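Undergrad: quick one, fold the following:
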Amino acid sequence: ANRRNAYTLTDPRAYLLLRAELHLRPLLSGDPALRHPYDVIRVNPQGRPGVNAAGAAAFATYLRSPAAQQIIATFGVPQFGQPLYAPAP
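TA: Below is the predicted model of the structure:
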């Protein structure tokens, strides 16, 4: 898109990581319809023997903790002036 001076859809993280190399600029951002959530889905240990169910549960619990949400909310700010990810609503 950059070489062809064309429109494209991308997530904010990709743009922030590449913006120094681009002459394109965002036309629309921040619209809730463009939200790109990340999720953690734990594997059912009954269907997958050997899965570390306790570790997965601990990781999921940690990701929802205030400490992890604060890390997510500020990740990328020093380098890009804004966070690369949004904390859970």
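Undergrad: mind listing what's buried along the longest helix belonging to the chain?
TA: Of all the segments of type helix in the chain, defined by DSSP state H, the longest one is helix 53-63. For helix 53-63, a neighbour-count test (16 or more other Cβ atoms under 10 Å) marks L63 as buried. For every residue, glycine as well, the C-beta is placed using N, CA and C.
Undergrad: CA atoms only: put the least confident helix or strand in the chain by mean pLDDT into PDB for me.
TA: Within the chain, confidence by mean pLDDT, DSSP states H and E is lowest for helix 12-18 among all helices and strands, at a mean of 87. In PDB, the C-alpha atoms belonging to helix 12-18 read as follows (Å, rounded to 0.1, in the frame of the first residue of the first chain):
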ATOM      1  CA  PRO A  12      -2.500   0.400  15.200                       C
ATOM      2  CA  ARG A  13       0.500  -1.700  16.400                       C
ATOM      3  CA  ALA A  14       1.600  -2.500  12.900                       C
ATOM      4  CA  TYR A  15       1.400   1.200  11.900                       C
ATOM      5  CA  LEU A  16       3.300   2.400  15.000                       C
ATOM      6  CA  LEU A  17       6.000  -0.200  14.400                       C
ATOM      7  CA  LEU A  18       6.400   0.800  10.700                       C
END
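Undergrad: check which residues of it are buried.
TA: Neighbour-count burial for helix 12-18, counted by 16+ other Cβ under 10 Å, picks out 12, 15-16.
Undergrad: make CSV out of those and add distance to L84.
TA: As requested, those are exported to CSV (distance: Cβ to Cβ, whole Å):
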residue, distance to L84
P12, 7
Y15, 10
L16, 6
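Undergrad: can you tell me which of the residues you listed is nearest A53?
TA: Nearest to A53 among these, counting by Cβ to Cβ, is P12 at 33.7 Å.
Undergrad: contacts only, for that closest one.
TA: 29, 82, 84 (Cβ atoms under 8 Å, 6 or more residues apart in numbering).
Undergrad: so where's the chain shaky on pLDDT?
TA: The chain contains no residues with pLDDT under 70.
Undergrad: which parts of it are helices?
TA: 12-18, 53-63, 66-74, 77-80.
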